[in-house]
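Participant: below is the structure, and that's it, no one-letter string:
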């Protein structure tokens, strides 16, 4: 049975990079609010912004007021300004989660949706499944075979051949790896692997070849 081809889907994640400098953080937050307001991606039937853009604007305004007081050296204003910054940051993190929600509804347009909001993007590729492989070991005449895991109740069968026709069975293992020793350097060897589990004996993986070193 031929292996089923695997499609790697890239998940694009919205990233908030809010400056730690208050004036820049205010400018960043205002820009994001403005871009979400103007972006067609966030108009109905898209979900309404959560928190509302009015709530975000209030958090921005409160921080602006607190920053002005801090610059004027009003007593206790720095502590108030810092607290208002935390509130804005938390609010913007909620905005980021909202943008991510909208982006996830349209994976093909996810990057465009996130960028249109004024946020940054991070691309995440799921780890590709391990495939059957053979590699020469540092010890001459030794080959390491590695396959995909198959769970704790499965075993792995391995075979080797010098012709890809007359196969010799190697000791089975419960781990998805084994070491083959005593091979002749310079000879081309063929290897294959299959899984045995409660469903029965699986098909052999695609045969692979290797020149022994």
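Facilitator: Yes, it's here. All of these numbers come straight from a predicted model, not from anything done at the bench. Residues are numbered from 1 along each chain as shown.

Participant: okay, now the sheet partners of the longest strand along the chain, with direction.
Facilitator: In terms of residue count, the longest strand belonging to the chain (DSSP state E) is strand 188-197. Paired neighbours of strand 188-197 in the sheet (DSSP bridges): strand 155-161 (antiparallel), strand 200-201 (antiparallel), strand 208-211 (antiparallel).

Participant: make CSV out of these and add mean neighbour count.
Facilitator: Where you see a C-beta, it was placed from the backbone N, CA and C, and this is true even at glycine. As requested, the strands paired with strand 188-197 are arranged in CSV below (neighbours: other Cβ atoms under 10 Å):
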stretch, mean neighbour count
strand 155-161, 18
strand 200-201, 8
strand 208-211, 14
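
Participant: list the contacts of the longest strand of the chain.
Facilitator: For strand 188-197, the surrounding residues in contact (Cβ atoms under 8 Å, 6 or more residues apart in numbering) are 132, 134, 143, 145, 147, 150-151, 153-164, 167, 172, 180, 183, 201-212.

Participant: if you set the cut-off to 6 Å instead, what comes out?
Facilitator: Contacts with strand 188-197, where a contact means Cβ atoms under 6 Å, 6 or more residues apart in numbering, come from 132, 134, 145, 147, 150, 154-155, 157-161, 164, 202, 204-205, 207-212.

Participant: would you mark the buried spots in that strand?
Facilitator: For strand 188-197, the buried set under the neighbour-count rule, 16 or more other Cβ atoms under 10 Å, comprises 189-195.

Participant: do stretch 20-38 as well
Facilitator: Residues of stretch 20-38 classed as buried under the neighbour-count rule (16+ other Cβ under 10 Å) are 22, 25-26, 28-30, 32-33, 36.

Participant: tell me how far that stretch lies from the chain's centre.
Facilitator: Remark: stretch 20-38 is offset 27 Å from the chain centroid, using Cα atoms, centre = their mean, to the nearest Å.

Participant: sorry, back to before: from the buried residues of strand 188-197, pick the one nearest residue 76.
Facilitator: Among the buried residues of strand 188-197, residue 195 lies closest to residue 76 (Cβ to Cβ), at 67.7 Å.

Participant: between the strands paired with strand 188-197, which one is nearest to residue 17?
Facilitator: Proximity of the strands paired with strand 188-197 to residue 17 was assessed by Cβ to Cβ; the nearest stretch is strand 208-211, lying at 44.5 Å.
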